[in-house]
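>>> Please find the sequence and the predicted model below.
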Amino acid sequence: MMHILIIEDEIPAFEKLRMHISHHLKGNFTYDWARSITEMQHFLETQNYTIIFSDIQLLDGLSFEVYEKLTITTPIIFCSAYDTYLLEAFKANGISYILKPYNQEDVIQSFDKYLSLFDKSITPQVYRDIKSSIPTTATTYKKRFVIKSKKGLHLLESANIALIQAEGDFCKLIDCEGNTHLYSQNIGTIYATIDPHQFFRINRSQVIQLPYILEMESHFKNRLLLRMKGIKEKVMTSSGTTANFRLWLDR
């Protein structure tokens, strides 16, 4: 049975990757999950893994900071959003990658390459070389939405959105003053473009923004009721998202 280390600080990305891995391996694996350099180093120093899926930018720095200190013999599949220049550096050193946003086929191809990576020993110098080519600019997320209405066009700043509510193929963007704005994209598409450190999808049809949570209370079946600024009715986490939502709040 494979023992896998997943290094990913963003909870939605972790859940998606774990789902793809589980689908491919039919659940026949064990795993550890690290969100920070501290957790990552602890696992690598105390556990042996069959394969590692590794993000690059974590909560407290770059994963390469750990790789520079250790000699890694385990094959590593990098999960990143970097450009072709950096990916070529990975390939030149025999390291596979998944380019975000990834899908099931990307995971399958990575496992197909696993056997060719199994015996490779990657030295700390490799990670220093790759680290030097990483762009210093941070990942950017959608800052505003262009809203169409009968009166014309107006801009809604992402920072002012308290709740995103799915309505079929479009969404209601409700701002912190309680105003509703219709936007012609589905909730999954919108969620992929906004800052995951500020927004969280609490159930299939609702995304909330952290600064506008006013109160939280426990509810039955491991759910949480949230009172949001500008929203008349309370919103609720699903039983499947509550645990990850608590982790997200405490990151």
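In hand now; what should we look at?
>>> Tell me, how many residues neighbour Trp33?
Residues lying near Trp33 (other CB atoms under 10 Å) number 18. Glycine gets a C-beta too; all of them are placed from N, C-alpha and C.
>>> what residue ranges in this structure score low on pLDDT?
Within the chain, the ranges that satisfy pLDDT under 70 run 81-97, 113-139.
>>> what about the helices in it?
Taking DSSP state H as the criterion, the chain contains helices spanning 11-25, 37-46, 64-67, 84-92, 104-117, 124-132, 187-191, 242-249.
>>> and the gap between Leu153 and Leu173?
From Leu153 over to Leu173 the distance is 14 Å, taken as CB to CB, to the nearest Å.
>>> Looking at the two now, which is surrounded by more residues?
Ranked by neighbour count (other CB under 10 Å), Leu153 and Leu173 place Leu173 first, with 22 against 8.
>>> surely the more buried one meets Ser158?
No: Leu173 is beyond contact range of Ser158, at 9.1 Å (criterion: CB atoms under 8 Å).
>>> Next, show the common contact partners of these two.
Phe145 (CB atoms under 8 Å, 6 or more residues apart in numbering).
>>> thought Asn48 was touching His3?
Yes: applying CB under 8 Å as the test, Asn48 and His3 come out as touching, 7.1 Å apart.
>>> quick one, which of these two is more surrounded?
A direct count of neighbours by other CB under 10 Å for Asn48 and His3 places His3 higher, at 14 against 9.
>>> so what's that one up against?
His3 sits next to Phe29, Thr30, Tyr31, Asp32, Gln47, Asn48, Tyr49, Thr50 when contact means CB under 8 Å, 6+ apart.
>>> let's see 7 Å
Neighbouring residues of His3 by CB atoms under 7 Å, 6 or more residues apart in numbering: Thr30, Tyr49, Thr50.
>>> gap between it and Thr30?
Distance from His3 to Thr30, counting by CB to CB: 5 Å.
>>> any residues in contact with both of these two?
Counting by CB under 7 Å, 6+ apart, no residue touches both His3 and Thr30.
>>> Just the strands from the stretch 51-200 of the chain, written as ranges.
For the stretch 51-200 of the chain, the strands defined by DSSP state E, counting those that start in this stretch cover 51-54, 57-58, 61-62, 76-80, 96-99, 144-149, 152-157, 161-167, 170-175, 180-183, 199-203.
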